[in-house]
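> got a sequence here, can you build the structure:
(one chain, ligands or ions: 1)
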Amino acid sequence: MSTVVDALIGKVFAATRENRSGELADYIPELAAVAPDSFGICIATVDGFVYEVGDTRLPFTIQSISKPFTYALALADRGSGAVAEKIDVEPSGEPFNEISLDPRTERPRNPMINAGAITAASLVAGPDLDTRFERIRAAYSRYAGRDLTFNRSVYESESRTGHRNRAIGHMLRSFDIITGDPDEAVDLYFRQCSVDVTCRDLSVMAATMANNGVNPVTRETVLDPALVERVLSVMSTCGMYDAAGKWVYEVGLPAKSGVGGGIIAVLPGQIGIAVYSPRLDEHGNSVRGVEACRALSAELELHFL
Ligand code: DON
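Numbers count the residues shown, from 1 in each chain. From the prediction side, this is the model:
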């Protein structure tokens, strides 16, 4: 089996490596400082094998791939009902950083766009900001199966330039979606985006979702299976923002991207896929990441429909 998977990801890697289109995210200055042509692909199985090719051990910040994992923590802390009163589960068709609420419900449309993600961060329990972030970092680490670290320079870079996210935070406060300090919620969101991961880590995190919330490498139970189902549902419909429809049409897997250049995709019951390549398309999704996932889905017939 291993040689078949190794050969397949090697083939997809070689074909996709030629694509040098897309640009680095530079609205957070520190994100423009990475090597633009780094590229890695990992597949982690629910029985704990990890297949990898390329730059799979290079650290980069998790960025928006944090969103489903913080949403999961908010669901576990507050319960699905309480979270649903604050965050809807409808695809928005909007860019990730849209300053928007659904005019009918006056809630963020989903937890994958920034408005919903900042709300999810605000719902993570804990007595103070440092404790709440430590709970988030520890939770991500359980999915990855190792202690993940915080990238202070990316955090400071985003914090210096994150006016749009602050605008979203204050909008949420004015509609009583966030009831505490909106600057704290936004700061927690900036911190969660600045956790360093590798492509290998992301594949194990995705495989933990594929394995019904049990990390397939450490065997630790990280999330209740009923909540895994909720999280994968919103990843299916909203994980790729205003490219979510095309993604489901072409790849057909629950997924999440980040402007650091990572993408995860989950085939429930089977595998977690992660790709790292930091050049992004106009939606903020990794160009090679989308292309590699499309190829893997076609080769392995992963499309869920
Ligand atoms: O909100 C932001 O600007 C970032 N820290 C995260 C955005 C992101 O990763 C969007 N995803 N593709």
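> going by C-alpha atoms from here, please, whenever you check contacts or count neighbours.
Fine.
> contact residues of the stretch 51-200 of the chain facing the ligand?
63-64, 96, 114, 190, 193 (C-alpha under 6 Å from any ligand atom).
> one more time with 5 Å
63-64 (C-alpha under 5 Å from any ligand atom).
> output the below-cut-off pLDDT ranges for the stretch 51-200 of the chain.
For the stretch 51-200 of the chain, no stretch is flagged by pLDDT under 70.
> ok, now which ones touch the most centrally placed residue in the chain?
In the chain, the residue lying closest to the centroid (C-alpha atoms, centre = their mean) is Ile65, at 1.4 Å. Applying C-alpha atoms under 8 Å, 6 or more residues apart in numbering to Ile65 gives the contacts 193, 256-258, 262-264.
> ramachandran coordinates for Pro278?
When read as degrees, to the nearest 10, the backbone of Pro278 gives phi -80, psi -10.
> contact partners for the residue lying closest to it once chain neighbours are set aside?
Leaving aside its sequence neighbours, Pro278 sits nearest to Gly261 (C-alpha to C-alpha, 6 or more residues apart in numbering; 3.7 Å). Contacts for Gly261 (C-alpha under 8 Å, 6+ apart) come out as 276-280, 285-286, 289.
> which of the residues you listed fall in strands?
Tyr276 (DSSP state E).
> closest one of the contacts of Gly261 to the ligand?
Nearest to the ligand out of the contacts of Gly261 is Asn285 (C-alpha to the nearest ligand atom; 5.2 Å).
> do I have it right that the closest one meets Ile264?
No. The criterion here is C-alpha atoms under 8 Å, and Asn285 misses it with Ile264 at 11.0 Å.
> need the residues touching each of these two.
Ser257.
> before we move on, the earlier item: so the residue nearest to the centre of the chain lies in a helix, does it not?
Yes. Assignment of Ile65 by DSSP: H, G, I helix; E, B strand; the rest coil places it within a helix.
> output the contacts of Gly261 as CSV; include the columns neighbour count, pLDDT and distance to the ligand.
Below are the contacts of Gly261 laid out as CSV (neighbours: other C-alpha atoms under 10 Å; pLDDT from 0 to 100; distance: C-alpha to the nearest ligand atom, whole Å):
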residue, neighbour count, pLDDT, distance to the ligand
Tyr276, 33, 98, 12
Ser277, 28, 98, 12
Pro278, 31, 98, 11
Arg279, 29, 98, 11
Leu280, 24, 97, 8
Asn285, 26, 95, 5
Ser286, 28, 97, 8
Gly289, 26, 98, 11
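> redo the contacts of Gly261 as TSV? Include distance to Pro268.
As requested, the contacts of Gly261 are exported to TSV (distance: C-alpha to C-alpha, whole Å):
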residue	distance to Pro268
Tyr276	21
Ser277	24
Pro278	26
Arg279	28
Leu280	26
Asn285	22
Ser286	22
Gly289	19
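> no further queries at this time; thank you.
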